[in-house]
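K.L.:
sequence plus predicted model, see below.
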Amino acid sequence: MPAFQDYNMEDFLQESSFCRYCAGTDARAVAFWEAWIKEHPAKKPAVKEAKELYYILNGNITATGFLQQRQKFEQTFQQHLQGEEVTAIGTRHLPIRRFLARAALIALLISLAGYSVYQFTKRTPHADYSSLAGERKSFQLPDGTSVMLNANSHITVANDFNKGTREITLSGEAFFDVAGAATKPFIVHTTRMDIRVLGTAFNVKAYPQDKSVETALIRGKVEVTIKGAHSRKIMLAPAQKLVLPEIHASKSLPAVATIGTLTINPRDSVALETSWTRNRLVLNDIPLGVAAIEMERWYGVKITVDTSIANKYKYTAIFEKETVEQALQAMQLSVPFHYRKINNEIFISQ
């Protein structure tokens, strides 16, 4: 699980649901953050600091008031750069010297300004969400949909999101728990397929470097549109998954999509396809070369596998708290191989 408990002040202020909680404009966000703060009392100072800065930058409820406040902030910031003593902005006499000392605050102001204009004009801004290798994130879209982003992934939210439709573009892997809205279909675009839903929970895995693309449905229904010259639509039911293999070399033959059932872990009844949302790396009967790609994303290291053994053996394993070296050592017990680590790169050979 991406951990909000690791967030600092700037991280909180870049979380759109946290800003809606501060503004009090979203009951769902208010309820979520109030409950989260109670469960994580150690983060109260960081939350308090973030809220104070939010109110400093956005202390009025009209667009005109916001622009005036921004001007005051910019003037105050310039005074600070010139070495003048500053203690307050507007009518809220809060000490802000510790905030102004951070150069990143200028970018933060721009970010919050965009969010505030959205609140006042009721427009949804363009938004991007990204994760690095070895990183997983959790966030909430403006419609209330919860998203978990797996490592090395990227989501772009359409400018008109939550108007007629709710459309996003995904590169990588993400789990969606879609807020119900019968008149506003939720659509996920990938390079090779589109997934259309009204309210459901599902997983999409569409990394550009992978040979296949897949969608796994937990509940509800989804309509998958396979793109290309042989375009077609496929409906999935709960506990089903669709796998679209790599495009045929000639490109004249359609990629044959297969529909199967989710693989359930008998230990806790969690589908292996979504186990990453429980902070588990699952290798399910895959060649060492493919396992290396999965491990690269998970651990944030570069792994190079000798071509002579990349497809020779297959591995099945589940890792939770193991380091990358502990995982490799466990895999060696199944089919031996050698590896060496140099800085942040691992080389695997026979």
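P.N.:
Yep, it's here. Residues are numbered from 1 along each chain as shown.
K.L.:
please make it C-alpha for all contacts and neighbour counts, starting now.
P.N.:
Will do.
K.L.:
now the helices for the chain?
P.N.:
Ranges of helices in the chain, per DSSP state H, are 9-13, 16-23, 27-39, 44-57, 63-81, 97-100, 105-121, 288-299, 324-332.
K.L.:
centroid residue for this structure?
P.N.:
L149 (2.7 Å; Cα atoms, centre = their mean).
K.L.:
tell me how many other residues surround the residue lying closest to that one once chain neighbours are set aside.
P.N.:
Leaving aside its sequence neighbours, L149 sits nearest to A174 (Cα to Cα, 6 or more residues apart in numbering; 4.5 Å). Neighbour count of A174, defined by other Cα atoms under 10 Å: 26.
K.L.:
same deal with L288?
P.N.:
24.
K.L.:
residues in contact with it?
P.N.:
V305, I309, A310, N311, K312, Y313, K314, Y315 (Cα atoms under 8 Å, 6 or more residues apart in numbering).
K.L.:
A35: which of those residues is nearest?
P.N.:
Y315 (41.0 Å; Cα to Cα).
K.L.:
in CSV, could you pull the C-alpha coordinates for stretch 150-169?
P.N.:
Extracted C-alpha coordinates of stretch 150-169, given in CSV (Å, rounded to 0.1, in the frame of the first residue of the first chain):
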residue,chain,number,x,y,z
ASN,A,150,2.0,0.3,-9.3
ALA,A,151,5.7,0.9,-9.9
ASN,A,152,7.0,2.7,-12.9
SER,A,153,3.5,3.8,-14.1
HIS,A,154,1.8,6.9,-15.3
ILE,A,155,-1.8,8.2,-15.5
THR,A,156,-3.1,11.2,-17.4
VAL,A,157,-6.5,12.5,-16.5
ALA,A,158,-8.5,14.2,-19.3
ASN,A,159,-9.2,17.9,-19.1
ASP,A,160,-12.9,17.3,-19.2
PHE,A,161,-12.9,14.5,-16.7
ASN,A,162,-16.2,14.0,-14.9
LYS,A,163,-18.2,16.0,-17.4
GLY,A,164,-19.9,13.8,-20.0
THR,A,165,-17.4,11.0,-19.3
ARG,A,166,-14.5,10.1,-17.0
GLU,A,167,-11.5,9.3,-19.2
ILE,A,168,-7.9,8.6,-18.2
THR,A,169,-4.9,7.2,-20.1
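K.L.:
distance of L236 from I168?
P.N.:
Going from L236 to I168 by Cα to Cα, to the nearest Å gives 20 Å.
K.L.:
ok, W33 next?
P.N.:
25 Å.
K.L.:
residues touching L198, list them.
P.N.:
Listed by Cα under 8 Å, 6+ apart, the contact set of L198 reads V178, G180, A181, A182, T183, K184, P185, F186, K221, V222.
K.L.:
of these, buried ones?
P.N.:
Neighbour-count burial (16 or more other Cα atoms under 10 Å) is assigned, among the contacts of L198, to V178, G180, K184, P185, F186, K221, V222.
K.L.:
which stretches of this structure have low pLDDT?
P.N.:
1-3, 10, 54-126, 229, 247-255 (pLDDT under 70).
K.L.:
how does it divide into domains?
P.N.:
When the chain is parsed with automatic domain parsing, its domains come out as 4-121, 127-263, 280-349.
K.L.:
just say which of those domains is most tucked in.
P.N.:
Looking across those with neighbours counted as mean count of other Cα atoms under 10 Å, the highest average goes to domain 127-263: a mean of 18.
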